[in-house]
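Trainee: please work out how this folds:
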Amino acid sequence: MTADDLFAANREDLTRAQAPLPARMRPRDLAEVQGQSHLLGEGAAFRSMVEMGKLSSLILWGPPGSGKTTLARLISTSTGAHFEQLSATNAGVKDVREVLARAEQRLGEGRGRTVLFIDEIHRFNKAQQDALLPGVEDGIIILVGATTENPFFEVNGPLISRATVFRTEPLTPDEVAELIERAASDSMRGTGFPIDVAATEALAERVGGDARLALNTLEMASTIAQGRGEGSVSEAAVAEALQRRIIRYDRAGDRHYDVISAFIKSMRGSDPDAATYWLQMMVEAGEDPKFIARRMIVFASEDVGLADPTALAIAHHAFRSVEVVGLPEANYALTHAALYLSLAPKSNTVTGAMHAGIEIVTEGAPGEVPAHLRSGATQGEKEMGIGVGYIYPHDEELSVVKQQYLPDAHEGAILYRPKLSGAERAIAERLEKIDTILNKNR
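Mentor: Modelled structure (predicted):
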């Protein structure tokens, strides 16, 4: 290490001592990293790459507070590379070129490689991303980009083709709790101020797997508790630091299942007020928003179905919003979807058709595909009657033609029975005309 690097390291240590708790508690090696076992477990590709020093450019994709910056720094320190950081929110092409010039000079002087960490790389425009390409291609820098967005959509093809994408996951409540306890007991880097077990559990459940938020909240709660002359951080101090009330909610227990059941039944009963109440209880209690959104996707088909074909798209968009935006902002999309699904006309005919189809398929021997519906790709098959006799529906009135579509054993079976609810009324009316042509008695 040169004198310049040594002074830089000393300055970083002094700065870190005055830094917020998340910066002070930032892991010094891979063993201190909380969570991300799929990246850091024995034999994992990411860990092997770092330990062997065989670095290549990569993209870290994951939610806030999941350790992307930490992993980028550890790549640098574990391999002795120089670390440079840019934020895509305020850096431009000029900044990128300056970093590349310094990295090339450092490499030419035998001072090692440079890890360039770009936070929120998805915010770089095409010109900025293109400016990185020469440095990545020539190995002048090891690019580590961090993004909360899907990099396959947000990062230029030429750049992402030269990088490996690794996904970081939110920490589990148990992992967050362990991090909180470690910070509370560390008098040098952490708060050195105890926290009650109940407060640890409440905080771990409320931060949605975001380690940074957990540590920032712990630091504020410790300040509040010490200012009041209390001997430890309590649930009340955590609630004040979070600026919201602690709601007791066990994500693995009965309360979890009872509340999601009440939410689904409120939407099914077309009560938007109750649905919103139970939704906000889950969000405020730290329930996984993806779990809520997945349940609404199921509900859209199971309980709304063809009465409002748009409902499934609305629910899917809510799930996508959770992925892209995250909480708290994604709460708008969740509430939007819950209100829409509550007020939508209801029909369970999709459920009925699905179960009727399962029942008929699983009863007895599987039905054979009628000869005229088979592919009949070769002349020999056609000579055997396979694929012969099929009538193209688009040549007929209403694009419907009477011919057998079900196996002989189930010809005439009725699996779908529409309701006269919402948009399904129009579907039922069209189906009545189709049934007349197909000679079906629904």
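
Trainee: helix or strand for the residue nearest the centre of the chain, which one?
Mentor: In the chain, the C-alpha nearest the mean C-alpha coordinate belongs to E323, at 4.1 Å (CA atoms, centre = their mean). When secondary structure is defined by DSSP states H and E, E323 falls within helix 310-324.

Trainee: got the CA positions of the helix or strand hosting A214 in CSV?
Mentor: Secondary structure from DSSP H and E places A214 in helix 211-227. This file holds the C-alpha atoms of helix 211-227, laid out as CSV (Å, rounded to 0.1, in the frame of the first residue of the first chain):
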residue,chain,number,x,y,z
ALA,A,211,-30.7,-3.7,7.0
ARG,A,212,-29.9,0.0,6.5
LEU,A,213,-33.4,1.0,7.8
ALA,A,214,-33.1,-1.3,10.8
LEU,A,215,-29.8,0.2,11.9
ASN,A,216,-30.8,3.8,11.3
THR,A,217,-34.0,3.1,13.3
LEU,A,218,-31.9,1.5,16.1
GLU,A,219,-29.6,4.5,16.3
MET,A,220,-32.5,6.9,16.6
ALA,A,221,-34.4,4.7,19.1
SER,A,222,-31.2,4.4,21.2
THR,A,223,-30.9,8.2,21.2
ILE,A,224,-34.5,8.6,22.2
ALA,A,225,-34.2,6.0,25.1
GLN,A,226,-30.9,7.5,26.4
GLY,A,227,-32.4,11.0,26.3
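
Trainee: could you give the angle of the next helix or strand after that helix to helix 211-227?
Mentor: Using DSSP H and E, the next helix or strand after helix 211-227 towards the C-terminus is helix 235-242. An angle of 120 degrees separates the directions of helix 235-242 and helix 211-227 when computed by axes from the mean of the first three to the mean of the last three CA atoms, to 10 degrees.

Trainee: what packs against helix 235-242?
Mentor: If you count contacts as 3 or more CB pairs under 8 Å, 6 or more residues apart in numbering; DSSP states H and E, helix 235-242 packs onto helix 197-206, helix 211-227. For every residue, glycine as well, the C-beta is placed using N, CA and C.

Trainee: out of those helices, flag the one nearest Q18.
Mentor: Closest to Q18 of those, according to CB to CB: helix 211-227, at 12.8 Å.

Trainee: buried stuff in that closest one?
Mentor: Residues of helix 211-227 classed as buried: 211-222, 224-225 (neighbour count, 16 or more other CB atoms under 10 Å).

Trainee: so can I have JSON lines of those residues showing distance to L312?
Mentor: Supplementary listing: the buried residues of helix 211-227 in JSON lines, determined by distance: CB to CB, whole Å:
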{"residue": "A211", "distance to L312": "35"}
{"residue": "R212", "distance to L312": "35"}
{"residue": "L213", "distance to L312": "33"}
{"residue": "A214", "distance to L312": "35"}
{"residue": "L215", "distance to L312": "39"}
{"residue": "N216", "distance to L312": "38"}
{"residue": "T217", "distance to L312": "37"}
{"residue": "L218", "distance to L312": "41"}
{"residue": "E219", "distance to L312": "43"}
{"residue": "M220", "distance to L312": "42"}
{"residue": "A221", "distance to L312": "42"}
{"residue": "S222", "distance to L312": "46"}
{"residue": "I224", "distance to L312": "45"}
{"residue": "A225", "distance to L312": "48"}
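
Trainee: now distance to L40 and pLDDT too, for these, in JSON lines please.
Mentor: JSON lines is the format used below for the buried residues of helix 211-227 (distance: CB to CB, whole Å; pLDDT from 0 to 100):
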{"residue": "A211", "distance to L40": "14", "pLDDT": "93"}
{"residue": "R212", "distance to L40": "18", "pLDDT": "92"}
{"residue": "L213", "distance to L40": "21", "pLDDT": "90"}
{"residue": "A214", "distance to L40": "19", "pLDDT": "93"}
{"residue": "L215", "distance to L40": "19", "pLDDT": "95"}
{"residue": "N216", "distance to L40": "23", "pLDDT": "92"}
{"residue": "T217", "distance to L40": "25", "pLDDT": "93"}
{"residue": "L218", "distance to L40": "23", "pLDDT": "95"}
{"residue": "E219", "distance to L40": "25", "pLDDT": "93"}
{"residue": "M220", "distance to L40": "29", "pLDDT": "92"}
{"residue": "A221", "distance to L40": "29", "pLDDT": "94"}
{"residue": "S222", "distance to L40": "28", "pLDDT": "94"}
{"residue": "I224", "distance to L40": "34", "pLDDT": "93"}
{"residue": "A225", "distance to L40": "33", "pLDDT": "93"}
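
Trainee: ok, the residues you listed vs G352, which is closest?
Mentor: Nearest to G352 among these is L213, at 44.6 Å by CB to CB.

Trainee: for the closest residue to the closest one other than its chain neighbours, give me its contacts.
Mentor: With CB to CB, 6 or more residues apart in numbering as the measure, V207 is the residue that lies nearest to L213, at 4.5 Å, once sequence neighbours are left out. Shown in contact with V207 (CB atoms under 8 Å, 6 or more residues apart in numbering): G65, V176, L213, A214, T217, G286.

Trainee: stretch 84-96: end-to-end distance?
Mentor: Stretch 84-96 has its terminal residues 10 Å apart, counting by CA to CA, to the nearest Å.

Trainee: kindly report the same for stretch 181-192.
Mentor: Its start and end residues considered, stretch 181-192 measures 10 Å (CA to CA).

Trainee: in it, what's buried?
Mentor: Neighbour-count burial for stretch 181-192, counted by 16+ other CB under 10 Å, picks out E181, A183, A184, R189, G190, T191.

Trainee: touching, the fifth one and A183? I think so.
Mentor: Yes - because the distance of 3.7 Å satisfies CB atoms under 8 Å, G190 is recorded as touching A183.

Trainee: so what sits against both of these two?
Mentor: Contact with both G190 and A183 is made by residues L21, M25, according to CB under 8 Å, 6+ apart.

Trainee: R320 and S270, how far apart?
Mentor: Applying CB to CB, to the nearest Å, one obtains 25 Å for the distance of R320 from S270.

Trainee: ah, wrong one, I meant H394
Mentor: From H394 over to S270 the distance is 39 Å, taken as CB to CB.

Trainee: same question for G35.
Mentor: G35 sits at a distance of 41 Å from S270 (criterion: CB to CB).

Trainee: okay, those two: which has more neighbours?
Mentor: Summary of the neighbour comparison: G35 and S270, criterion other CB atoms under 10 Å, with G35 having more neighbours (21 against 15).
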